[in-house]
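Participant: curious how this folds, go ahead:
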Amino acid sequence: MRNEKNLKMHELIGLYVKVEESTNPNQKGIEGRIVDETYHMLVIETPKGEKMIMKKGAKFRIKINGKDVIINGDSINYRPHERIKKLIRRKGK
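Facilitator: This is a model prediction of the structure:
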């Protein structure tokens, strides 16, 4: 089950997110549902359409189980399936 402690090791698609910080100042404050994830980007569905946000250099506020969790984009800057494997291996050490 996804929770605030293991969020990075799970699928992010479908979660509500807000961009707290970004290297691109125009992206700060964008919020909506994550509809896709690639190696370097999150695709967020907003009322104004889909927005592609670079993970690197950004911080995301993700709502899960009624709580807000801040995730540094650099720590999830992997392909989704690779991120899960790498973080599980690190946790085991």
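Participant: least confident secondary structure element in this structure?
Facilitator: helix 80-92 (a mean of 71; mean pLDDT, DSSP states H and E).
Participant: quick one, strands of the protein?
Facilitator: For the chain, the strands defined by DSSP state E cover 16-21, 31-37, 41-46, 49-54, 59-64, 67-72.
Participant: and of those, who's closest to residue 8?
Facilitator: If you check each of the strands of the chain against residue 8 by CB to CB, strand 67-72 wins as the nearest, at 6.6 Å. (C-beta placed from N, C-alpha, C; glycine too.)
Participant: mind listing what's buried along the closest one?
Facilitator: Judged by neighbour count (16 or more other CB atoms under 10 Å), strand 67-72 contains these buried residues: 69, 71, 72.
Participant: ok, the first one - contacts?
Facilitator: What it means is residue 69. 4, 7, 61, 62, 63 (CB atoms under 8 Å, 6 or more residues apart in numbering).
Participant: most neighbours, which of those?
Facilitator: In terms of neighbour count, residue 62 stands highest of the contacts of residue 69 at 20 neighbours, by other CB atoms under 10 Å.
Participant: of the strands of the chain, which is nearest residue 79?
Facilitator: Nearest of the strands of the chain (CB to CB): strand 31-37, 8.4 Å.
Participant: tell me who's in contact with residue 31.
Facilitator: 16, 17, 18, 19, 44, 46.
Participant: change it to 7 Å
Facilitator: 17, 18, 46 (CB atoms under 7 Å, 6 or more residues apart in numbering).
Participant: you'd agree the first one is up against residue 34?
Facilitator: Yes: contact status for residue 17 versus residue 34: in contact at 5.4 Å, counting by CB atoms under 7 Å.
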